[in-house]
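Engineer: Okay, sequence plus prediction incoming.
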Amino acid sequence: MIFSKACCSYLIVVVCLTFQCCCASVNQTSTLVVDASVASGRPIPDTLFGVFFEEINHAGAGGLWAELVRNRGFEAGGTRVPSNIEPWKMVGKDSEILLRTELNSCFERNKVTLKMDVLCHDCPANGVGVSNPGYWGMNVEKGKKYKVVFFVRSKGPLDMVVSFRKTKDGGVLASSNVKALAAEVSKWKRMQTTLTANASSSNSSLYLTTTQKGVIWLDQVSAMPVDTFKGHGFRTDLMNMLQALKPAFLRFPGGCFVEGETLKNAFRWKDSVGAWEQRPGHFNDVWNYWTDDGLGYFEGLQLAEDLGARPLWVLNNGISHTDEIDTNLIKPFVQDALESIEFARGPTTSKWGALRANMGHPRPFNLKYVAIGNEDCGKKNYRGNYLAFYTAIREAYPDIQLISNCDASTKPLDHPADIYDYHIYPNDAHVMFNNSRVFDKTPRNGPKAFVSEYALVGDKQAKLGTLLGAVSEAGFLIGLERNSDHVIMASYAPLFVNANDRKWNPDAIVFNSKQAYGTPSYWVTYLFRESNGATLLKSQFQTHSHLLAASAIRWKNAPNKRSKLKIKVANIGDKEINLKISLKGFTSSNLSKSTKTVLTSPNALDQNSFANPKKVIPQRSPLPNPGKEINVLIPPISLTVIDL
């Protein structure tokens, strides 16, 4: 049975089975025959495995985007003032300071500001004002520098202390004094200071305080680490984990985030480009949190470039979860889409290409893939809207590959497309594993397949990311390799989760303000990273077991361009397998460096955690007695990778 989860449009496949290993049917000894000759095999697309980024689980706001301040423009509470300024907090007593929001910003698209009436003549020595704890505590590290920017207006001279303090006891981690004459701040003025931390805390807050009686207005307060990835604003540790996957593409910005629960709250790319302080932000009503859109359309394109990945832009096609634009009214949305492509690819002499250049990227981005909507197939206006987008984009940009939301794995599409999108979220490990055969009989003469969202889900077997779930996905990916003459792209979903805001489980990378770790599914993705652009070799199992899946590829190591042979074996059974691998047409110049890498654990439901982030990770060791005939033990519930 297939149904839509209430809070989003992800499809969940529910099979009423509990996980049981079919022990009786397991052969204790199996044989895998691989044709490793140079002439054998067929190329795997160099686009096969990539990543999918969505603003879900605070993946960007409070995650990959390194901005520390939450609700930095005071806009999250809406434009009906006075409004809620959460998570900002008052520093001082009611008799010392009064806070309220007003609509008097110098920024036209985000008018809300914070007014501070400092009432005390003899203020406390450590000042009164406001503090912001960021996203469940700011991580401040000793010796590191942080750039703080804010816009301020005052009725008198400004004497303000900007500091990081421990949230619990107020201990100062870094501090800077910002002063200005009354004439300098009688109108809005941008202020900037750099704080160098003299101590560390993963649960700190940004403070803006004063001991001077008067009236101060604040707007657009930002605090960013100076050492972001390539200086582009991305959190370094999370980017390093992404880069390790060698993703061929980046699908962004969603997902349900693109659609919105309603169109008025859908992601709008034009509101997410230009100077950060002028972006209005919006309420992410599908995942129920405010985002200031610091990680906007430009940053998504930059993210792909920084990863060496192809950008894959998912645009809104005039359809949300609850409302739709009639096809006869869709032209403004189509024009908006064309302008988004112009922003990415247009010359600097074009309107939107000039804006991209002004943001620091005069060279066009290499945008060649566009998805028209997300999970909208079957909705009332999808086909009509899709055709309007398809026709206009194809005419203006004939080289762009256009992606339909409709599944063509079992029946042809009733509309043109270069690629079709396929999502799968079963909650039974054997269903996930056996879906390796889902594309075996799909006709090869139509659009290619993009498995943009896959994962085992559910509280019984997948939980927060189990070994069992990862191995079931490994079996599925082996099937995608086998069918890579038809499946040209695939990405796990979701990619990120802030452990303080789990809207969806499981996820590939788990983080908080300080730490991050990969779930077993992350490590499966990691172990498939060399498949992009490799050669798929002919291989055949001599076994009756349906609990094993295997593939063999030949790939070239980038530094020395030497060819390597990689064999992957997924075992979803609960018995150890004695596997004999027979290599036909195989020659090697250095077998002594052959290795065996195993992803397994004593319990099928073992998971990683902040307390034990390496409980389930790949373990590499020398391969005993490598040669044309190899005997290797395949552990139960495991993915084994042999490199020759």
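Structural biologist: That came through, no problem. Being a predicted model, the structure only gives us computed values, none of them experimental.
Engineer: if I pick Leu548, what's in contact with it?
Structural biologist: For Leu548, the contacting residues are 30, 541, 569-573, 577, 634, by Cβ atoms under 8 Å, 6 or more residues apart in numbering. Using the backbone N, CA and C atoms, a C-beta is placed for each residue, glycine as well.
Engineer: what do you get if the cut-off is 6 Å, keeping everything else the same?
Structural biologist: Taking Cβ atoms under 6 Å, 6 or more residues apart in numbering, we find Leu548 in contact with Asn571.
Engineer: so what's it scoring on pLDDT?
Structural biologist: Predicted confidence (pLDDT) for Leu548: 95.
Engineer: any idea how far it lies from Pro364?
Structural biologist: Leu548 sits 46 Å away from Pro364, going by Cβ to Cβ, to the nearest Å.
Engineer: cool, Cys377 as well?
Structural biologist: Taken as Cβ to Cβ, the span from Cys377 to Pro364 is 31 Å.
Engineer: Could you do Asn498 as well?
Structural biologist: In this view, Asn498 and Pro364 are 33 Å apart by Cβ to Cβ.
Engineer: So which of the two has more stuff around it?
Structural biologist: The residue with more neighbours, out of Asn498 and Pro364, is Asn498; 23 against 17, by other Cβ atoms under 10 Å.
Engineer: residue contacts, the more buried one?
Structural biologist: Residues in contact with Asn498 (Cβ under 6 Å, 6+ apart) are 57-58, 62-63.
Engineer: What of Arg235?
Structural biologist: 64, 66.
Engineer: Give me the phi and psi for it.
Structural biologist: When read as degrees, to the nearest 10, the backbone of Arg235 gives phi -70, psi 120.
Engineer: Also Ala474?
Structural biologist: Backbone torsions of Ala474, given as degrees, to the nearest 10, read phi -60, psi -40.
Engineer: Residue numbering should commence at 800 henceforth.
Structural biologist: Yep, numbering from 800; the last one is Ala1273 now.
Engineer: can the contacts of Asn1297 go into TSV with extra columns for distance to Lys943 and pLDDT?
Structural biologist: TSV is the format used below for the contacts of Asn1297 (distance: Cβ to Cβ, whole Å; pLDDT from 0 to 100):
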residue	distance to Lys943	pLDDT
Asn856	26	98
His857	22	98
Gly861	19	97
Gly862	18	98
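Engineer: Go through those and flag which are in helices.
Structural biologist: Among these, the subset assigned to helices under DSSP state H is empty.
Engineer: Out of these, which is nearest to Leu902?
Structural biologist: Leu902 lies nearest to Gly861 out of the contacts of Asn1297, by Cβ to Cβ, at 26.4 Å.
Engineer: what's the spacing between the closest one and Asn938?
Structural biologist: As defined by Cβ to Cβ, Gly861 lies at a distance of 11 Å from Asn938.
Engineer: Over to Glu901?
Structural biologist: Distance of Glu901 to Asn938, computed by Cβ to Cβ: 32 Å.
Engineer: Please name the nearest non-neighbouring residue to Asn1377.
Structural biologist: What sits nearest to Asn1377 in space, not counting adjacent residues and going by Cβ to Cβ, 6 or more residues apart in numbering, is Thr828, at 4.6 Å.
Engineer: for Gln1200, same thing?
Structural biologist: Closest residue in space to Gln1200, ignoring its immediate chain neighbours: Asp1217 at 4.3 Å, by Cβ to Cβ, 6+ apart.
Engineer: Check Leu897 too.
Structural biologist: Excluding the flanking residues, the one nearest Leu897 by Cβ to Cβ, 6+ apart is Asp916, at 4.1 Å.
Engineer: Let me see the contact set for Ala858.
Structural biologist: Taking Cβ under 6 Å, 6+ apart, we find Ala858 in contact with Phe1295.
Engineer: quick one: secondary structure of the residue nearest to Leu897?
Structural biologist: In terms of secondary structure, Asp916 is strand; the call rests on DSSP: H, G, I helix; E, B strand; the rest coil.
Engineer: ok, how many other residues are close to it?
Structural biologist: For Asp916, the neighbour count with other Cβ under 10 Å is 14.
Engineer: repeat for the one 5 residues further on
Structural biologist: Other residues within reach of Asp921 by the criterion other Cβ under 10 Å amount to 8.
Engineer: Can you pull out the low-pLDDT segments for the stretch 1150-1299 of the chain?
Structural biologist: Low-confidence segments of the stretch 1150-1299 of the chain (pLDDT under 70): none present.
Engineer: Quick check: Leu1255 vs Pro1046, distance?
Structural biologist: Using Cβ to Cβ, one gets 21 Å for the distance from Leu1255 to Pro1046.
Engineer: now Ser999
Structural biologist: 31 Å.
Engineer: got it, and Leu1128?
Structural biologist: Distance, Leu1128 to Pro1046, using Cβ to Cβ: 37 Å.
Engineer: Which one's more surrounded, these two?
Structural biologist: Comparing Leu1128 with Pro1046 by other Cβ under 10 Å, the one with more neighbours is Pro1046, at 25 against 12.
Engineer: From Glu1194, how far out is that one?
Structural biologist: Distance, Pro1046 to Glu1194, using Cβ to Cβ: 30 Å.
Engineer: cool, Ser1149 as well?
Structural biologist: Using Cβ to Cβ, Ser1149 is found at 17 Å from Glu1194.
Engineer: Same check on His1285?
Structural biologist: Taking Cβ to Cβ, one finds His1285 at 27 Å from Glu1194.
Engineer: what's the answer for Glu854, then?
Structural biologist: Computed as Cβ to Cβ, the Glu854 to Glu1194 distance reads 31 Å.
Engineer: Neighbour count: the two, which is higher?
Structural biologist: Comparing Glu854 with Glu1194 by neighbour count (other Cβ under 10 Å), the higher total belongs to Glu854, at 28 against 9.
Engineer: so what's the more buried one closest to, chain neighbours aside?
Structural biologist: Phe1056 (4.6 Å).
Engineer: And for Leu1100?
Structural biologist: Using Cβ to Cβ, 6+ apart and skipping the chain neighbours, the partner closest in space to Leu1100 is Phe1164 (4.5 Å).
Engineer: now Ser975
Structural biologist: Take Ser975 and drop its neighbours on the chain: the residue closest to it by Cβ to Cβ, 6+ apart is Thr992, 4.3 Å away.
Engineer: I'd assumed that neighbour was in a helix, is it?
Structural biologist: No. Read with three-state DSSP, Thr992 is strand and lies in no helix.
Engineer: Tell me how many other residues crowd it.
Structural biologist: Counted with other Cβ under 10 Å, the neighbours of Thr992 add up to 16.
Engineer: thought it was touching Ser974?
Structural biologist: No. If you go by Cβ atoms under 6 Å, Thr992 and Ser974 don't touch, sitting 9.7 Å apart.
Engineer: can you give me the helices in the stretch 900-1049 of the chain?
Structural biologist: With helices called from DSSP state H, counting those that start in this stretch, the stretch 900-1049 of the chain shows them at 1035-1043.
Engineer: wait, I meant the chain
Structural biologist: Under DSSP H, the chain gives helices at 1035-1043, 1055-1058, 1096-1106, 1130-1144, 1150-1157, 1181-1195, 1228-1233, 1266-1281, 1319-1326.
Engineer: The last one - contacts with which helices or strands?
Structural biologist: Secondary structure elements in contact with helix 1319-1326, counted by 3 or more Cβ pairs under 6 Å, 6 or more residues apart in numbering; DSSP states H and E, are helix 1266-1281.
Engineer: before we move on, back to that, I'd like the helices of the chain as JSON lines, with distance to Pro1246 appended.
Structural biologist: Output for those, formatted as JSON lines (distance: least, Cβ to Cβ, whole Å):
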{"stretch": "helix 1035-1043", "distance to Pro1246": "28"}
{"stretch": "helix 1055-1058", "distance to Pro1246": "21"}
{"stretch": "helix 1096-1106", "distance to Pro1246": "23"}
{"stretch": "helix 1130-1144", "distance to Pro1246": "20"}
{"stretch": "helix 1150-1157", "distance to Pro1246": "29"}
{"stretch": "helix 1181-1195", "distance to Pro1246": "12"}
{"stretch": "helix 1228-1233", "distance to Pro1246": "24"}
{"stretch": "helix 1266-1281", "distance to Pro1246": "16"}
{"stretch": "helix 1319-1326", "distance to Pro1246": "25"}
